[in-house]
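>>> I need the structure of the sequence given here:
(chains A and B)
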Amino acid sequence: MLIKKTPGIPYSEITPEPLYRDRREFIRLAAAAAVGTAAAIRGETIEAQGSLPVIPNVRKSPLSTTEPQSTYKDFTTYNNYYEFGTGKDEPAVQAKSLKPRPWKLTIEGHVAKPGTFDVDEFIKSYTLEERIYRHRCVETWSAVVPWIGIPLADVIKRVEPTSMAKFVEFVTLYDPKQMPGVRSPILEWPYIEGLRLDEAKNPLAILAVGLYGQILPNQNGAPIRLVAPWKYGFKGGKSLVKIRFVDAQPRNTWQIQAPREYGFYANVNPTVDHPRWSQARERRLGEFLPRKTLMFNGYTDQVASLYTGLDLRKNF
Amino acid sequence: MKPPPIVPLKRVIFAAALIPAAALVYDAFTGNLTANPVDYITDETGTWALAMLTISLSVTPVRRITGWNEIIKVRRMLGLFAFFYAVLHMLTWVVLVSFFDVPTMLDDIVERPFITVGMGTFLILLALACTSTKASIRRLGRKWQQLHRLVYVAGVGAVVHFWWLVKADVTVPLRWATAIGVVLGFRIWWTLRSRTSGVRTLSRS
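Residues are numbered from 1 along each chain as shown, chains lettered A, B, ... in the order given. Below is the predicted model of the structure:
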């Protein structure tokens, strides 16, 4: 269940705190029981981690990996989210000032059905799936994360892109009041990312709204963010306010910052190095020894066909 | 005010300079090396090597400005601590980052400018540490001072190494560049002044 804090609700409508807590606890226990049962069948245990509201009714997906997951603590305290500071430990502290609810998400551009949606209404109108994905940062660290999200293809289908739509642009919130990091011009704000329309329609791409069974923590991009697991992590725009369907390739933020080092595609590729470091290996959070990085982060079967005939050296 | 006696001061500095290394060991035992311990250890040892290098380079300016000549006696120890942290930094890279993968390391040294510069800086510090004994000073004579002026190159190299590895936010390397710039700036200023006035100063080390 997702909590919406809309001002101006009459007091009679507000659930008393103890009742609310009981309900929350019930949902959590129910969810834990459900997950626990499923886990027991698969012969593993999933610990309840974190303390955010649990998301119910999440469908499992065959696209999930069975690799050991990173810990909730590691993935929520080691973050790149420059809007809240450039240190890895800063977002977990500084993103407390972000208010992810209420939140408006606008879908616009070359679509038959554009609109501005309340994020919780938007989320509620889709079937959510758990996607346990490998996550590879361009800085050579990696993780395995149980995301919860909406298949992006479902969203695209519903808004009906016109024939003019060739790319999808993802715009992160820009608000100096909530985001102390944007006061310095480290990157060009707002943070922009983009996918080709066919990439966006790939079953792997999701709009994530939660992780580890719960709603997204602020530092991980609450309330809604892009996850495209075959690409470097920076492609996953966080705290999205706009999704635009456009006809020209968007200029994504890191490409603007350093065009020689970061391209539009940013597909995980162990054979194409970052100009300043090798991409051949990675270090999993929680692991000591490095491991080999896989082509397309191990998602070759799902995505390789998107890039036939494309020179991945030039289009890095 | 009388300056503090140098021998106890040396002991205090020695103990203080070991604190960052001790803190890392403590963090390792208490599980406080962040989600990415190897990167954290790399950053910490590198930062302290640069810090010790900056402090050792500030000894001469402090001496000339305050006239407290005895302080020169802590300079070698500070320089060796810079080398000590540089060795830890290098070992982290060889063992934890590269896991003794020699071909990859050689590749990195040749192809990645920030590693090339870092390696050059380390080799300078190695040469200076090896020739830091009294016997070396005696044996090398005038050449010793010429050789040890390479520490200025090491100071610049360490900052460039740091600057070239950050992704976008150069705030921290800029701070170190400023610090190194100040301690080397004094020397440039004094050298230029002594040249234009024709007065040779006794020591320009």
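
>>> Find the helix or strand that the closest residue to B:Phe186 other than its chain neighbours is a member of.
With sequence-adjacent residues excluded and distances taken as CB to CB, 6 or more residues apart in numbering or on different chains, B:Phe186 is closest to B:Pro61, at 4.2 Å. For the C-beta atoms, the positions are set from N, CA and C on the backbone; glycine is no exception. When secondary structure is defined using DSSP states H and E, the element that contains B:Pro61 is helix B:37-66.

>>> Name the spans of the chain whose pLDDT lies under the cut-off.
Since no chain was named, I'll use chain A. Residue ranges of chain A with pLDDT under 70: A:1-49.

>>> To clarify, I was referring to chain B.
Across chain B, residues meeting the criterion (pLDDT under 70) sit at B:1, B:198-205.

>>> pretty sure A:Val171 is in a strand, no?
Yes. Judged by DSSP: H, G, I helix; E, B strand; the rest coil, A:Val171 forms part of a strand.

>>> Would you mind listing the buried residues in the helix holding B:Pro61?
For helix B:37-66, the buried set under the neighbour-count rule, 16 or more other CB atoms under 10 Å in any protein chain shown, comprises B:37-64.

>>> Counting by contacts, list what that helix packs against.
The helices and strands touching helix B:37-66, judged by 3 or more CB pairs under 8 Å, 6 or more residues apart in numbering or on different chains; DSSP states H and E, are helix B:6-29, helix B:75-91, helix B:150-165, helix B:171-197.

>>> is any part of the shortest one close to chain A?
Read it as helix B:150-165. Yes. Part of helix B:150-165 sits close enough to chain A to count as contact by CB under 8 Å from any CB of the partner chain, namely B:Trp164, B:Leu165.

>>> Burial check on A:Leu289, number of neighbours?
When counting by other CB atoms under 10 Å in any protein chain shown, one arrives at 10 neighbours for A:Leu289.

>>> Quick check: the gap between it and B:Leu24.
If you measure A:Leu289 against B:Leu24 using CB to CB, to the nearest Å, the figure is 20 Å.

>>> Check A:Leu310 too.
With the distance defined as CB to CB, A:Leu310 ends up 45 Å from B:Leu24.

>>> C-terminal to the helix or strand where A:Asp120 lies, what's the next element?
For A:Asp120, the host element (DSSP H and E) is helix A:119-124. Sequence-wise, the next helix or strand beyond helix A:119-124 is strand A:128-136, with elements assigned using DSSP H and E.

>>> Of all the helices and strands packed on helix B:37-66, which one is nearest B:Ile137?
Taking CB to CB as the criterion, helix B:75-91 is the member of the helices and strands packed on helix B:37-66 that comes nearest to B:Ile137, at 9.6 Å.

>>> buried sites along the helix or strand just after that closest one?
Sequence-wise, the next helix or strand beyond helix B:75-91 is helix B:102-111, with elements assigned using DSSP H and E. By neighbour count with 16+ other CB under 10 Å, helix B:102-111 contains the buried residues B:Thr104, B:Met105, B:Asp107, B:Asp108.

>>> Let's have the residues you listed in a markdown table, adding distance to chain A.
Conversion of the buried residues of helix B:102-111 to a markdown table gives the following (distance: CB to the nearest CB, whole Å):
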| residue | distance to chain A |
| --- | --- |
| B:Thr104 | 7 |
| B:Met105 | 10 |
| B:Asp107 | 7 |
| B:Asp108 | 7 |
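
>>> so which of the residues you listed comes closest to A:Ser184?
Among these, B:Asp108 lies closest to A:Ser184 (CB to CB), at 30.9 Å.

>>> which residues touch the closest one?
Applying CB atoms under 8 Å, 6 or more residues apart in numbering or on different chains, we find B:Asp108 in contact with A:Trp277, A:Ser278, B:Ser98, B:Ile115.

>>> rerun that using 6 Å as the cut-off
The neighbours of B:Asp108, taking CB atoms under 6 Å, 6 or more residues apart in numbering or on different chains as the test, are B:Ile115.

>>> Could you do A:Phe245 as well?
For A:Phe245, the contact set (CB under 6 Å, 6+ apart) comprises A:Gly109, A:His110, A:Val111, A:Pro161, A:Ala165, A:Val168.

>>> Which of those are buried, as a PyMOL select command?
Applying 16+ other CB under 10 Å to the contacts of A:Phe245 leaves a buried subset, and the PyMOL line that selects it is:
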select buried, chain A and resi 109+110+111+161+165+168
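
>>> okay, the contacts of A:Phe245 in TSV with secondary structure and distance to chain B next?
Output for those, formatted as TSV (DSSP: H, G, I helix; E, B strand; the rest coil; distance: CB to the nearest CB, whole Å):
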residue	secondary structure	distance to chain B
A:Gly109	strand	28
A:His110	coil	32
A:Val111	strand	33
A:Pro161	strand	33
A:Ala165	coil	31
A:Val168	strand	24
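
>>> any chance of the contacts of A:Phe245 in CSV, with distance to B:Cys130 too?
Listed next are the contacts of A:Phe245 as CSV, based on distance: CB to CB, whole Å:
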residue, distance to B:Cys130
A:Gly109, 65
A:His110, 67
A:Val111, 69
A:Pro161, 67
A:Ala165, 65
A:Val168, 59
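
>>> Output the helices and strands packed on helix B:37-66 in a markdown table, with mean neighbour count appended to each entry.
Shown next, in a markdown table, are the helices and strands packed on helix B:37-66 (neighbours: other CB atoms under 10 Å in any protein chain shown):
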| stretch | mean neighbour count |
| --- | --- |
| helix B:6-29 | 13 |
| helix B:75-91 | 20 |
| helix B:150-165 | 20 |
| helix B:171-197 | 14 |
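
>>> Not including adjacent chain positions, what is the nearest residue to A:Pro114?
Excluding the flanking residues, the one nearest A:Pro114 by CB to CB, 6+ apart is A:Glu108, at 4.6 Å.

>>> Just list what the helix or strand encompassing the one you found packs against, helices and strands only.
Under the assignment given by DSSP H and E, the secondary-structure element containing A:Glu108 is strand A:104-109. Strand A:104-109 sits against strand A:115-118, strand A:240-246, with contacts defined as 3 or more CB pairs under 6 Å, 6 or more residues apart in numbering or on different chains; DSSP states H and E.

>>> Look up how far chain A lies from B:Thr171.
8 Å (CB to the nearest CB, to the nearest Å).

>>> go on, B:Gly141?
42 Å.

>>> what's the burial count for that residue?
In terms of burial, B:Gly141 registers 9 neighbours under the definition other CB under 10 Å.

>>> Also A:Met179?
Residues near A:Met179, counting by other CB under 10 Å, number 24.

>>> Now that it has come up, it's in contact with A:Glu83, right?
Yes. The pair A:Met179 and A:Glu83 qualifies as a contact (CB atoms under 6 Å) at a distance of 4.0 Å.

>>> I figured A:Arg281 hits A:Glu287, correct?
No. Because the distance of 11.5 Å does not satisfy CB under 6 Å, A:Arg281 is recorded as not touching A:Glu287.

>>> returning to what we had before: for the helix holding A:Asp120, buried residues please.
Burial within helix A:119-124, assessed by neighbour count using 16+ other CB under 10 Å, is assigned to A:Val119, A:Asp120, A:Phe122, A:Ile123.

>>> Look up the closest residue to the residue nearest the centre of chain B, ignoring the ones flanking it.
Taking CA atoms, centre = their mean, the centroid of chain B lies closest to B:Leu53, which sits 2.3 Å from it. Take B:Leu53 and drop its neighbours on the chain: the residue closest to it by CB to CB, 6+ apart is B:Ala82, 4.1 Å away.

>>> Thank you kindly, that will do.
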